[in-house]
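> predicted model and sequence below, questions to follow.
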Amino acid sequence: MKLLRLSFLPRSTDFGLLLLRLALGLTMLLNHGWGKLTSFSQKSGSFPDPLGMGSQLSMGLAVFAEVVCAALLVVGFLTRFAALNLAITMAVAFFAVHKMVLTGEHSGELALVYLAGFVTLLFTGSGKFAFERD
């Protein structure tokens, strides 16, 4: 029973937060944000506009969150600010763009998983392995 509790492993919330920041930040930046940034002029006219702000502004805000804020998460600077922006972006993606659908070709499952991670970082902050501990 003792073995199942994994008590032989050291506990480190700060190391866990570092791993979470790196995984979420790097995958968001490299798999989502970078493509939007490099194809902004080609795709901004047809980008989803779920809040009625205009496609270019919607894509610009997504790029800000998915590139700038994701990079901030990776280095651990202004982590809670970055997590808030990313959480809002993922909430819009999940609720407004994907309509809370969790299965199928245009599922919002990934947006929901990202949303949960970003909300976690919003509440916890960066941890001690960061450029700026918040």
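Yes, it's here. Numbering: from 1, shown residues only.
> around residue 124, how many other residues sit close by?
18 (other C-beta atoms under 10 Å). Every residue, glycine included, has its C-beta placed from N, CA and C.
> likewise residue 71?
Residue 71: 16 neighbours (other C-beta under 10 Å).
> SS state for the residue lying closest to it once chain neighbours are set aside?
Leaving aside its sequence neighbours, residue 71 sits nearest to residue 29 (C-beta to C-beta, 6 or more residues apart in numbering; 6.0 Å). Secondary structure for residue 29, judged by DSSP: H, G, I helix; E, B strand; the rest coil, is helix.
> and residue 29, how far from residue 112?
According to C-beta to C-beta, to the nearest Å, residue 29 and residue 112 sit 19 Å apart.
> residue contacts, residue 73?
Each residue near residue 73 by C-beta atoms under 8 Å, 6 or more residues apart in numbering is listed here: 21, 24, 25, 28, 79, 82, 83, 86, 121.
> can you do 10 Å?
20-26, 28-29, 79, 81-83, 85-86, 117-118, 121, 126, 130 (C-beta atoms under 10 Å, 6 or more residues apart in numbering).
> likewise for residue 115?
Contacts of residue 115 (C-beta under 10 Å, 6+ apart): 86, 87, 88, 89, 90, 91, 92, 93, 94, 95, 108.
> could you tell me how far residue 104 is located from residue 92?
Counting by C-beta to C-beta, the gap from residue 104 to residue 92 is 19 Å.
> more neighbours: which of the two?
residue 92 (20 against 9).
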